[in-house]
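Student: below is the sequence, then the predicted model.
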Amino acid sequence: MINKRQQFRKVANTALNLFNSISIIIIGFLLLRVFVFGSYRIPTDSMIPAIIPGDYVLVNKLAYGARLFNLFDALEGKRVKIRRIFGYTHVKHNDVVVFHIPHPHKRDKIEMDMFKYYIKRCIGIPGDTLRIVNGIYQINSDTVQHYGNFLAEQKLSQISEQDFSKYLYQSFPKDTILRWNIKNFGPMYIPSKGDCIRLGRTETLIYKKIIEWETGYTLHIERDTLYNVDTPITSYTFTHNYYFMGGDKVENSQDSRYWGLLPDELIIGKASFIWKSVDPYSHQIRWKRFMKSIQ
């Protein structure tokens, strides 16, 4: 009888230790996925030629700093407070970045949907003044440095307005006076945390959506002035950093040219390399793209 009890206890202890070990492994893996790395399958061609449909991209979340927030509230679609621990680098020009789609439900409202994301190249960083001149990105009037996919931008410069649909040609903020489009855009100043900007007509159109996101207020424009109910807002101090993101397939990519600036909180991490690639039609593994770096 005693031997049977001892055997039962031994089996029970072994099972409990195995359960604890498996639980630690699972929890550790989940923590790594949430805070250290992520894998994202690319379904669209907006980043051709650097990234093609069927690529699986490994995203480094430590590079810019892992985000800390209430995951359960975020999964329910609630607005969450996000803190970011220090990373070992900052978002730089031409970095390929994975981020939550800033407009997952409505174009005029910034939200975070945990299951909807984009991968784009960073064109403009906080403090930059960005222009598109005949299809070519320019930052701070620098005509020497190239940003984004320069070859595709040169190709875009040769395409006439008549060859585009109205939907693709017109860009943010879709104003009949500014008449910005994907070939001629800006100048647009990209706010940095702490910047105090006077809100004229153009600034009101550009920044309304991100000011609403920062404050949580529903604002309206009347006589070219931004209002919170009956109170005019003639200047505003930003509490976040913003970025301008562009797809490498510049003639057809849903990027900042169409929806505006990206808040820092929505950035997931830096795309490090392609760890696997599967042809979406033949389902064959593309071995040549295995462990391919992203340029």
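Tutor: Cool, got the structure.
Student: direction included, what does the lengthiest strand in the chain pair against?
Tutor: In the chain, with assignment by DSSP state E, the single longest strand is strand 267-277. The pairing partners recorded for strand 267-277 under DSSP bridges are strand 55-60 (antiparallel), strand 96-100 (antiparallel), strand 292-293 (antiparallel).
Student: then that strand to CSV, C-alphas only?
Tutor: Only the C-alpha atoms of strand 267-277 are listed here, as CSV (Å, rounded to 0.1, in the frame of the first residue of the first chain):
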residue,chain,number,x,y,z
ILE,A,267,4.8,51.5,-34.2
ILE,A,268,5.4,47.8,-33.5
GLY,A,269,9.0,47.4,-34.5
LYS,A,270,11.7,47.3,-37.2
ALA,A,271,11.5,44.8,-40.0
SER,A,272,14.8,42.9,-39.7
PHE,A,273,14.8,40.2,-42.4
ILE,A,274,12.7,37.8,-44.4
TRP,A,275,12.9,34.4,-42.6
LYS,A,276,10.6,32.6,-44.9
SER,A,277,8.8,33.1,-48.2
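Student: got the buried residues for it?
Tutor: Ile267, Ile268, Gly269, Lys270, Ala271, Phe273, Ile274, Lys276, Ser277 (16 or more other C-beta atoms under 10 Å). Placement of C-beta: from N, CA and C, glycine included.
Student: with stretch 229-240 instead?
Tutor: Buried residues in stretch 229-240, counted by 16+ other C-beta under 10 Å: Ile233, Tyr236, Phe238, His240.
Student: which residues does the third one contact?
Tutor: So the one you mean is Phe238. Neighbouring residues of Phe238 by C-beta atoms under 8 Å, 6 or more residues apart in numbering: Pro191, Ser192, Lys193, Gly194, Asp195, Cys196, Ile197, Ile210, Glu214.
Student: also the first one?
Tutor: Remark: with contacts taken as C-beta under 8 Å, 6+ apart, Ile233 is in contact with Leu199, Ile211, Leu219, Thr225, Leu226, Tyr227.
Student: what bridges to it?
Tutor: Applying DSSP bridges to Ile233 gives these bridge partners: Leu226.
Student: right, I'll leave it there.
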